[in-house]
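Trainee: I would like to see how this sequence folds:
(one chain, ligands or ions: 1)
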Amino acid sequence: MAAGKNILLIISGGIAAYKVLEVIRRLRDREINIRAILTKGGEQFVTPLSVAALTENKVYQDLFSLTDEAEMGHIRLSREADLVLVAPASADILAKMATGQAGDLATTALLATNKPVMIAPAMNVEMWNHPATQANIATLESRGVIRVGPSAGDLACGETGSGRLAEPAEIIANVLDFLDGQSAPKPLAGKKAVVTSGPTHEPIDPVRYIANRSSGKQGHAIAQALCNAGADVTLVSGPVSLPDPAGVKVVRIETAREMLAAVKNALPADIAICAAAVADWRTADEAGQKLKKDGSGVIPDLRLSENPDILATISKAGASRPGLVIGFAAETEKVTEHARAKRARKGCDWILANDVAPETGTFGGDQNEIFLISGDDATTDEHWSRQSKTGIAEVLCARIIRHFS
Ligand code: CTP
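Mentor: Modelled structure (predicted):
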């Protein structure tokens with residue numbers, strides 16, 4: 001039920017701001033409480049008085065207003081909401097959100113909030129299509145920000161294209177869906193999951209290491225999807241340049257041995273998903289000092305030793321084995337055949353097999369295609385078509401929910 005929930009509405013500058021008055025009205029009809037922050041830009045298009053009248057609440061405008069700090073500081077303002085809605089979201093506020101700026105009340109509240117954020121962008125078509133705006137949107141979405149619109153059509157500036165604020169009805173539908181979804185019981189509530197992600201770095205000496213090209217995108221997306229479905233998720237991640245998934249406990253490690261220790265530490269768990277590209281080997285004797293070229297032309301003889309296999313170890317962990325253990329199989333040929341053998345060898349329940357041949361662009365890329373191997377013969381195999389790694393994470397999450405129900 002959305003009634004009684006609280007929204008912090010941030011109105012930034014844009015001619016479409018007037019449409020947000022309709023959004024406020026309809027949400028108030030449903031007894032949703034709204035506090036609004038009006039930015040300096042927003043004030044140019046709607047008056048504080050009309051926003052206050054419709055929200056039936058004080059409108060917040062100034063970061064340094066002492067009264068506001070005494071009555072309700074910006075931290076409380078951002079924390080007491082069930083949802084922070086930025087509508088219209090101008091190119092400027094999106095850029096500030098993406099880079100973590102906090103120069104006024106709206107951006108400070110957005111940086112300080114630990115609550116879900118929804119944006120409804122509105123701007124000129126060229127501004128929307130600009131690589132800078134698109135990069136900001138990608139950054140925000142990777143952090144879990146929910147986007148509504150923009151839609152395409154005639155723009156207030158006289159041009160035509162993408163950039164129109166989504167219609168009030170669409171914004172309202174998304175807000176209600178979100179708030180209703182929050183009240184509904186989450187399908188993985190009460191389940192504990194541990195996910196590994198990214199590469200491992202195996203030191204050769206204090207400045208060099210053995211690694212691989214894994215980006216961590218798939219593992220991180222899985223951790224986020226499980227968390228969104230209500231699971232209590234620990235993500236054990238090797239070095240990656242991705243933001244931490246929202247709401248997930250992240251343990252950062254470098255080597256395979258550290259990854260194994262962190263995974264064991266996160267047990268008991270109901271679900272374990274090994275998406276990390278663990279280095280199979282490490283140097284047998286890591287040098288304490290940087291290896292030097294001494295001019296003799298003698299090349300260091302790197303001896304390798306095998307790393308622990310995390311997936312196999314937890315699959316065979318006896319009493320502390322998670323009920324559902326899932327691994328990946330990165331293959332470049334005979335994908336399902338090798339993956340089936342890998343499933344048997346490692347002792348896990350499911351293997352998600354993917355083709356990582358260079359021409360597929362899977363390793364390090366944004367897309368993936370999966371064969372789910374869950375049995376000894378092909379009758380139970382499933383194929384998940386090529387799509388974004390986020391999409392694959394959602395399909396996997398839905399499959400896990402079905403397994404437990
Ligand atoms: N894995 C692991 N620990 C390792 C090696 C792999 O947990 N030391 C896990 C990966 O996270 C993945 C699965 O095992 O879920 C399979 O990884 P993959 O690299 O495909 O297989 P390998 O066991 O390394 O076998 P090979 O490289 O010979 O295909």
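Trainee: Which part of the stretch 101-250 of the chain gets nearest to the ligand, residue-wise?
Mentor: Closest to the ligand within the stretch 101-250 of the chain is T196: 5.8 Å, counting by C-beta to the nearest ligand atom. Backbone N, C-alpha and C define where each C-beta goes, glycine included.
Trainee: Isn't that residue up against V240?
Mentor: No. In this structure, T196 is not within contact of V240 by C-beta atoms under 8 Å, at 11.5 Å.
Trainee: you'd agree the residue of the stretch 101-250 of the chain closest to the ligand is in a strand?
Mentor: Yes. Secondary structure of T196 (DSSP: H, G, I helix; E, B strand; the rest coil): part of a strand.
Trainee: With adjacent residues omitted, what lies nearest to it?
Mentor: Here the nearest residue to T196 in space, its sequence neighbours aside, is A276; by C-beta to C-beta, 6 or more residues apart in numbering that works out to 3.7 Å.
Trainee: Quick check: phi and psi at the one you found.
Mentor: Backbone torsions for A276, taken as degrees, to the nearest 10, come to phi -70, psi 150.
Trainee: dump the residue contacts of it.
Mentor: Residues near A276 by C-beta atoms under 8 Å, 6 or more residues apart in numbering: 196-200, 214, 216, 219, 236-238, 259, 310.
Trainee: So which bits of the stretch 151-300 of the chain are right by the ligand?
Mentor: Within the stretch 151-300 of the chain, the positions near the ligand by C-beta under 6 Å from any ligand atom are T196, A256, C274, A276, V278, D280.
Trainee: let's see it at 5 Å
Mentor: Residues of the stretch 151-300 of the chain lying near the ligand by C-beta under 5 Å from any ligand atom: C274, A276, V278, D280.
Trainee: Pull up the per-residue confidence for the closest residue to the first one other than its chain neighbours.
Mentor: Computed as C-beta to C-beta, 6+ apart, the closest residue to C274 that is not its neighbour in sequence is L311, at 4.1 Å. At L311 the predicted local confidence, pLDDT, stands at 98.
Trainee: so is L311 in a helix, a strand, or just coil?
Mentor: Look at L311: counting by three-state DSSP, its state is helix.
Trainee: correct me, but it touches G327?
Mentor: Yes. At 4.3 Å, L311 counts as touching G327 under the criterion of C-beta under 8 Å.
Trainee: Widest-spaced pair of the contacts of A276?
Mentor: G216 and I310 (15.1 Å; C-beta to C-beta).
Trainee: still on that earlier bit, dump the residues of the stretch 151-300 of the chain next to the ligand into CSV; add distance to T55, secondary structure and pLDDT as well.
Mentor: CSV is the format used below for those (distance: C-beta to C-beta, whole Å; DSSP: H, G, I helix; E, B strand; the rest coil; pLDDT from 0 to 100):
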residue, distance to T55, secondary structure, pLDDT
C274, 48, strand, 98
A276, 47, coil, 98
V278, 52, coil, 98
D280, 58, coil, 96
